[in-house]
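**Student:** Return a 3D structure for these sequence lines:
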Amino acid sequence: MVNNIDKLSELLTEVFLLEPEEFSLELKRADVETWDSLGIVAMAVGIKDEFGYHFTPEEATSIESVQDIITILTSKGITFDG
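**Tutor:** Take a look at the predicted model:
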C-alpha cells in the first residue's frame, strides 16, 4: 500500500521533473528550477486530485518547501506517517 509521503513524492517528482532520488522532505522551492508559477499551478492541481484538498492561491504561492505542503495538508486532517 502506498502511503501519503510516497504519493506526495511521486506527485512532486512528476510535476517538477525531478529524478526520484532528488526528492526529500527537506526539498525547498529555491532548489528546484521548475518550481515556478506553472509548477505551482500543476502542483496545486495534483494535490487536489491526489489528496482532495484545494490550496487557496495564497497558500499555493506561499509554499516554500515540501515540509510546508505537509504542514498545510496535515492541518486539514491528511496524515503523513512513515
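**Student:** what separates the helix or strand of the chain with the lowest mean pLDDT from the chain centre, distance-wise?
**Tutor:** The least trusted helix or strand in the chain, going by mean pLDDT, DSSP states H and E, turns out to be helix 57-62, with a mean of 94. Put simply, helix 57-62 sits 12 Å off its chain's centre (CA atoms, centre = their mean, to the nearest Å).
**Student:** which parts of it are buried?
**Tutor:** Neighbour counts over helix 57-62 (16 or more other CB atoms under 10 Å) mark Ala60 as buried. Any C-beta I mention is one placed from the backbone N, CA and C, and that applies to glycine too.
**Student:** Make residue 1 into 47 and carry on from there
**Tutor:** Noted, 47 is the first residue going forward, which turns the last one into helix 103-108.
**Student:** Not counting it itself, show me its contacts.
**Tutor:** By CB atoms under 8 Å, 6 or more residues apart in numbering, the list of residues contacting helix 103-108 from outside reads Ile86, Val87, Met89, Ala90, Asp114, Ile118.
**Student:** Now the third one: closest residue in space, sequence neighbours ignored.
**Tutor:** Using CB to CB, 6 or more residues apart in numbering and skipping residues adjacent in sequence, the residue nearest Met89 is Val61, 5.1 Å away.
**Student:** ok, the one you found - contacts?
**Tutor:** Val61 is in contact with Thr80, Gly85, Ala88, Met89, Gly92, counting by CB under 8 Å, 6+ apart.
**Student:** Take those residues and keep only those in helices.
**Tutor:** Among these, DSSP state H puts Gly85, Ala88, Met89, Gly92 in helices.
**Student:** just checking, the last one touches Leu57?
**Tutor:** This means Gly92. Yes. Counting by CB atoms under 8 Å, Gly92 touches Leu57, with 4.6 Å between them.
**Student:** Neighbour count: these two, which is higher?
**Tutor:** Higher neighbour count among Gly92 and Leu57: Leu57, with 20 against 17, using other CB atoms under 10 Å.
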